[in-house]
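In: Sequence and computational prediction follow.
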Amino acid sequence: MRRSLAILAACALALLPSEPASAAGYWGPLAPRHPFLGPAGTATMHGDAGSSDVTPLAGPGGSAAAVAAFPLAAACPTLLEGSDHLVVALCTAIAGQTPTVYLLDPSAPGPLPTPLAALPLTKGSLLGGVYAYLDNDDRLVVVDGANRLLRVRHERDVSGTWRLVSAESADLGPVIPFGDNVTGLVPDWSGNVWFATGHGVVGFIADTGRVAASRLPVGEQVANSISAAPSGSVAVATTHALYELRADEFGVPEIVWAAAYDRGSARKPGQLSWGTGSTPTYFGPDTGADYLTIVDNADGQVHALVYRSDTGQLVCAVPILADGGAGSENSPVGIGRSVFVASTYGYPYPALPEGAGPAVPPSAPFTGGMTRIDVADNGCHTVWENRVRSAAVPRLSTADGALYTIARVGLDLSTPLDGYAFTVVDPDTGAVTASHSLPGTTVHDPLQTAPLITHDGRLLQGTVTGILRID
């Protein structure tokens, strides 16, 4: 995933012991419970530390009809739910582009429920604070515009009013050059908090508060978030290569393996950087993290690249999105032996991040499309393709066997009059099993951000102006 927060802003549990991999039906296992994260499926933008975009929670299903909205005058791509079933949202205000944390009750009555509390953070670059997560105490862990690692807790005061309280955990300023900001943030299974900056500084904060960092090759940028596996490794995709890193015996970051990929000759329309648009996704049939996948940016036809996560060996490079647009700014969905990728080629982002560079061609129709591939012992193969014009990162529920997204509805030319539809896809066949129109036009554009499925079966989707709730 992606730099969508930058574009949105510019536009408008107690510590648990290790558990065995959880079952997810015939799809395969999810990774084990992460001891330093909140609930599985709701603690990170992509659901978990491995960025699988899979949840063990059931969604609203195909009969969903009721819609409510939190009109926050802010772009809200990061929606997280803690063990207390309250939602913490990281948004960017349209006016002033100030990062703001909101506390929400997803079950609040009425068509226009209001937040329980709000807390503005220090503003940095548009990429600063794109990604955050909930720790095992339901605190939002985020790096603000001053490059301070914060833990934001929520509590009630003596009058019963909710409030958000921020505490600084570490200062990253000494290791991050002026003008650079953190774009990716994830804890590893030892409790180190890993970060990656837009200009390629990668490091971690140990539980002692000590900060260790190193720089990836000059010229490589990190435009998406980062992921972690139970093995202790962390995956970082730059605009040139995919890396797996870990903390070495001396307590500094070391590269375990690196794999260059085809980044093409230029940025494609519907992508926000010249390179992969993927947050790396861990998945697999045995541990839930046997493989690591991204989508390349090859000219013409793009490929899903699947690597063995322990060695970096390339398992396969499969052409995808042949029936739709050949390019993706979204993180792949991965579980068991299956990977699902949605096209963003030609997606009409109203603005681009600074330094994105020209697209080739300058523009293209947004035709959409999804592809599912499966990994076998002798390689990979395409299972299905469809033409769903997904406007959000799809989310797969292993509880109800549905793939959820928000589809863009209108002409392929994508006009400001386009609408959106809550869409349910059968992950076995790629067929649309339900579609319900949503209110509003492009002022409710989700701009390829990820939804949240809550513990009570609601779906929350961030948009350019707030949050939609689908029951």
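Out: Sure thing, it's come through.
In: Please report the distance of residue 447 from residue 352.
Out: 12 Å (Cβ to Cβ, to the nearest Å). In this view, the C-beta of every residue, glycine as well, is placed from N, C-alpha and C.
In: Looking only at neighbour counts, state which of these two leads.
Out: Ranked by neighbour count (other Cβ atoms under 10 Å), residue 447 and residue 352 place residue 447 first, with 25 against 18.
In: per-residue pLDDT, that one?
Out: According to the prediction, residue 447 has pLDDT 89.
In: Equivalent analysis for residue 14, please.
Out: 28.
In: C-terminal to the least confident helix or strand in the chain by mean pLDDT, what's the next element?
Out: Here the helix or strand of the chain ranked lowest by mean pLDDT, DSSP states H and E is helix 4-11, holding a mean of 43. Heading C-terminal from helix 4-11, the first helix or strand you meet, by DSSP states H and E, is strand 54-55.
In: Can you give me the neighbour number for residue 168?
Out: Residue 168 - counted by other Cβ under 10 Å - has 11 other residues nearby.
In: How about residue 295?
Out: 30.
In: Over to residue 387?
Out: The number of residues packed near residue 387 is 15, by other Cβ under 10 Å.
In: Could you do residue 435 as well?
Out: Neighbours of residue 435 (other Cβ under 10 Å): 14.
In: What mean pLDDT does the helix or strand where it lies get?
Out: Using DSSP H and E, the element containing residue 435 is strand 432-438. The average pLDDT for strand 432-438 rounds to 94.
In: Next: stretch 328-344.
Out: 97.
In: What of stretch 244-261?
Out: Stretch 244-261 carries an average pLDDT of 96.
In: quick one: the spatially closest residue to residue 307 that is not a sequence neighbour from residue 443, how far?
Out: Spatial nearest neighbour of residue 307, chain neighbours left out: residue 292 (4.9 Å); criterion: Cβ to Cβ, 6 or more residues apart in numbering. Distance of residue 292 to residue 443, given as Cβ to Cβ: 37 Å.
In: So what's the residue count around residue 248?
Out: Count around residue 248 with other Cβ under 10 Å applied: 12.
In: Surely it and residue 233 touch.
Out: No - using Cβ atoms under 8 Å, residue 248 is not in contact with residue 233; the gap is 11.8 Å.
In: one step back: tell me which other helices or strands the following helix or strand past the strand holding residue 435 touches.
Out: Later in the chain than strand 432-438, the nearest helix or strand by DSSP H and E is strand 452-453. Using 3 or more Cβ pairs under 8 Å, 6 or more residues apart in numbering; DSSP states H and E as the contact test, the elements touching strand 452-453 are strand 74-81, strand 459-462.
In: Quick check: next helix or strand after the shortest one?
Out: Yep, that's strand 459-462 we're talking about. According to DSSP H and E, the helix or strand after strand 459-462 is strand 466-470.
In: what is the orientation angle of that next one with strand 74-81?
Out: 50 degrees (axes from the mean of the first three to the mean of the last three Cα atoms, to 10 degrees).
In: can you pull the pLDDT of residue 277?
Out: Model confidence at residue 277, given as pLDDT, is 95.
In: And the residue nearest to it when sequence neighbours are not counted, how far from residue 106?
Out: Nearest residue to residue 277, sequence neighbours excluded (Cβ to Cβ, 6+ apart): residue 329, at 3.4 Å. From residue 329 across to residue 106, the span is 27 Å (Cβ to Cβ).
In: Reformat the helices and strands packed on strand 452-453 as CSV; add distance to residue 58, mean neighbour count and mean pLDDT.
Out: Listed next are the helices and strands packed on strand 452-453 as CSV, based on distance: least, Cβ to Cβ, whole Å; neighbours: other Cβ atoms under 10 Å; pLDDT from 0 to 100:
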stretch, distance to residue 58, mean neighbour count, mean pLDDT
strand 74-81, 14, 28, 94
strand 459-462, 10, 26, 96
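In: Is residue 237 in contact with residue 273, as I believe?
Out: No - at 10.4 Å, residue 237 does not count as touching residue 273 under the criterion of Cβ under 8 Å.
In: Columns distance to residue 399 on top of the helices and strands packed on strand 452-453, output as a markdown table?
Out: As requested, the helices and strands packed on strand 452-453 are exported to a markdown table (distance: least, Cβ to Cβ, whole Å):
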| stretch | distance to residue 399 |
| --- | --- |
| strand 74-81 | 15 |
| strand 459-462 | 13 |
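In: of those strands, which approaches residue 227 most closely?
Out: strand 74-81 (15.5 Å; Cβ to Cβ).
In: what's the next secondary structure element after that closest one?
Out: Next in line after strand 74-81, if elements are assigned by DSSP H and E, sits strand 87-93.
In: Show me which of residue 329 and residue 106 is the more surrounded one.
Out: Between residue 329 and residue 106, counted using other Cβ under 10 Å, the more crowded position is residue 329 (30 against 22).
In: ok, back up a step: please report the distance of the residue nearest to residue 277 from residue 356.
Out: Counting by Cβ to Cβ, the separation of residue 329 from residue 356 is 11 Å.
In: between these two, what contacts are shared?
Out: Overlap of the contact sets of residue 329 and residue 356 (by Cβ atoms under 8 Å, 6 or more residues apart in numbering) consists of residue 272.
In: quick one on the thing from earlier: what about the residue nearest to residue 277, is that helix, strand or coil?
Out: coil (DSSP: H, G, I helix; E, B strand; the rest coil).
In: Residue 271 is in contact with that one, correct?
Out: Yes - with contact defined as Cβ under 8 Å, residue 329 and residue 271 form a contacting pair (4.8 Å).
In: joint contacts of the two?
Out: 277, 344.
In: contacting residues around residue 279?
Out: Contacts of residue 279 (Cβ under 8 Å, 6+ apart): 1-2, 46, 51, 184, 224-227, 237, 331.
In: doesn't it fall inside a strand?
Out: No - according to three-state DSSP, residue 279 belongs to no strand; its state is coil.
In: count of residues packed around residue 311?
Out: Residue 311 has 10 nearby residues by other Cβ under 10 Å.
In: What strand or helix carries the closest residue in space to it that isn't next to it in sequence?
Out: Nearest residue to residue 311, sequence neighbours excluded (Cβ to Cβ, 6+ apart): residue 257, at 6.6 Å. Residue 257 belongs to strand 253-260 when assigned by DSSP H and E.
In: Same check on residue 152?
Out: Assigned by DSSP H and E, residue 152 falls in strand 148-156.
In: Contacts only, for residue 368.
Out: 324-325, 342-343, 387-390, 407-408.
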